[in-house]
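A.B. asks: Dropping a prediction and its sequence here:
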Protein chains: 2
Amino acid sequence: MSRRDELAERATDHALEHGLIGLSLRPLAAAMDTSDRMLIYHFGSKDELVAAVLSTSNDRSMAIISAMPPSASVAQAVIDLWDTFTAQQVQRCQRMYVEAAALGLFGREPYVSSVRDSNLVWIAAIAGHLAASGAAEQDAPRLATLVDATFNGLMLDRPLDGDAALRQVVEDLASALAR
Amino acid sequence: MSRRDELAERATDHALEHGLIGLSLRPLAAAMDTSDRMLIYHFGSKDELVAAVLSTSNDRSMAIISAMPPSASVAQAVIDLWDTFTAQQVQRCQRMYVEAAALGLFGREPYVSSVRDSNLVWIAAIAGHLAASGAAEQDAPRLATLVDATFNGLMLDRPLDGDAALRQVVEDLASALAR
DNA sequence: TTTGGCATGTAGCAAGTGCTACAGAAAGCC
DNA sequence: GGCTTTCTGTAGCACTTGCTACATGCCAAA
């Protein structure tokens, strides 16, 4: 693994823990036992570092979501996806994705591009799981967009509501989609 | 209207236009034909300014959503809410709300508190409209949380997908909830 | 006319930002 | 040995950040 990749992994760990909004090179470098100087050297600019971090994070969550076995029904798939989604590992990645998407709301780079890249493969993975769980092939992408949007929206509510309340809402969605 | 309120209104206009995440006092003050010095004088701190801006923005979108006449059905209510939600005026406020929620993802103040305050009355308003449109009273709050989360999640996708695609997804949700 | 409070302008501070200039170390290749 | 390439440390630059010290103008009450 190249030095750059190693730094990307550790920077991703730090960003997942402390957030993407407000991320700055010096504290990040200090936590990684290196210097801002080195980060710029290996990544060229902060923007490229951020892009690498978002890509790394996306790879991690994709690996987990792609490994899910098919669910017994579409409704069950929604529940299973939520459980995976809120598992520590994926949930952090998704939280950072939401931060990136918020940073991209006004078109700022590198966030828009990174979010677009992540979103494409992510939605495809969700759609794949839904299709494997019984959803019609042509409905899967839109269904995936709906489910993903709802999950991300609920993520924004996490600091407000308890996880139990959010799960209840997901169950409502699952049963609505099943009928 | 006090000077402070007037400044809050104009600061809100600016924040809705340029975003909350990178908001800083000097450019904001310059756009308002005043100085950072004055903003701090009237609001005490940047945090209180931000709280005032979020509160003002919330008041504005609440005024619009509260004025909606009941819809013919729950499904139609979801569609109507989306159309109101994406109307220029409300959509900007909601975009800023999403920014604030993202800023609050790691517990940072004043964002968490402001988001909590806004969310409470906002969900209540959505629930009210859904109930007025035929939803069962006891289901309305959870339904409102579901609809609101989905809308906010779709807001994050706005820079990626076209509005037509997002509306399609909302229609999927509406028909799923109707069945 | 003096006093006192509200509002404002000028200047600046300490800290933090991304990034760079420059020098050196280490390691492989001739 | 030299020589180039890759990497790293020190120091610093130009700029922005939220916020403050201080002096000043305005305007109503005493």
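C.D. replies: Sure, I can see it.
A.B. asks: Check whether A:L23 sits in a helix, strand or coil.
C.D. replies: Counting by DSSP: H, G, I helix; E, B strand; the rest coil, the backbone at A:L23 sits in coil.
A.B. asks: Pull the residues that contact stretch A:166-179.
C.D. replies: Residues from elsewhere that reach stretch A:166-179 (C-beta atoms under 8 Å, 6 or more residues apart in numbering or on different chains): A:73-76, A:78-79, A:82, A:86, A:143, A:147, A:150-151, A:154, A:157-158, B:142-143, B:145-146, B:149, B:173, B:176-177, B:179. The way it works is simple: take the backbone N, C-alpha and C, and place the C-beta from them, glycine included.
A.B. asks: Quick one, which of those residues are buried?
C.D. replies: Among the contacts of stretch A:166-179, the ones that count as buried by 16 or more other C-beta atoms under 10 Å in any protein chain shown are A:73-75, A:78-79, A:82, A:86, A:143, A:147, A:150-151, A:154, A:157-158, B:142-143, B:145-146, B:149, B:173, B:176-177.
A.B. asks: Narrow the residues you listed to those in helices?
C.D. replies: Using DSSP state H, the members of the buried ones among the contacts of stretch A:166-179 that fall within helices are A:74-75, A:78-79, A:82, A:86, A:143, A:147, A:150-151, A:154, A:157, B:142-143, B:145-146, B:149, B:173, B:176-177.
A.B. asks: Helices along chain A, start to end?
C.D. replies: Going by DSSP H, chain A shows helices at A:3-18, A:25-31, A:36-43, A:46-66, A:74-86, A:88-103, A:111-132, A:140-157, A:163-178.
A.B. asks: Distance to B:L120 and mean pLDDT for those helices - can I get that in TSV?
C.D. replies: Converted to TSV, the helices of chain A look like this (distance: least, C-beta to C-beta, whole Å; pLDDT from 0 to 100):
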stretch	distance to B:L120	mean pLDDT
helix A:3-18	28	94
helix A:25-31	34	95
helix A:36-43	41	95
helix A:46-66	31	96
helix A:74-86	23	96
helix A:88-103	21	96
helix A:111-132	29	96
helix A:140-157	11	95
helix A:163-178	13	93
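A.B. asks: can you redo the ones you listed as a markdown table with distance to DNA strand D?
C.D. replies: A markdown table is the format used below for these (distance: least, C-beta to the nearest atom of the strand, whole Å):
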| stretch | distance to DNA strand D |
| --- | --- |
| helix A:3-18 | 5 |
| helix A:25-31 | 8 |
| helix A:36-43 | 4 |
| helix A:46-66 | 13 |
| helix A:74-86 | 33 |
| helix A:88-103 | 16 |
| helix A:111-132 | 18 |
| helix A:140-157 | 23 |
| helix A:163-178 | 32 |
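A.B. asks: who in chain A is up against DNA strand C?
C.D. replies: By the rule C-beta under 7 Å from any atom of the strand, the part of chain A lying against DNA strand C is A:L23, A:S24, A:L25, A:R26, A:P27, A:D36, A:R37, A:I40, A:S45, A:K46, A:D47.
A.B. asks: From A:Y111, how far out is the first one?
C.D. replies: Relative to A:Y111, A:L23 is positioned 12 Å away (criterion: C-beta to C-beta, to the nearest Å).
A.B. asks: Tell me, how many residues neighbour A:G44?
C.D. replies: A:G44: 11 surrounding residues under other C-beta atoms under 10 Å in any protein chain shown.
A.B. asks: swap in A:Q94?
C.D. replies: By the measure other C-beta under 10 Å, the count of residues near A:Q94 is 19.
A.B. asks: That one and A:S61 touch, don't they?
C.D. replies: Yes - when contacts are counted by C-beta atoms under 8 Å, A:Q94 is listed as touching A:S61 (6.7 Å).
A.B. asks: that older thread, name the stretch among the helices of chain A that sits most buried.
C.D. replies: helix A:140-157 (a mean of 24; mean count of other C-beta atoms under 10 Å in any protein chain shown).
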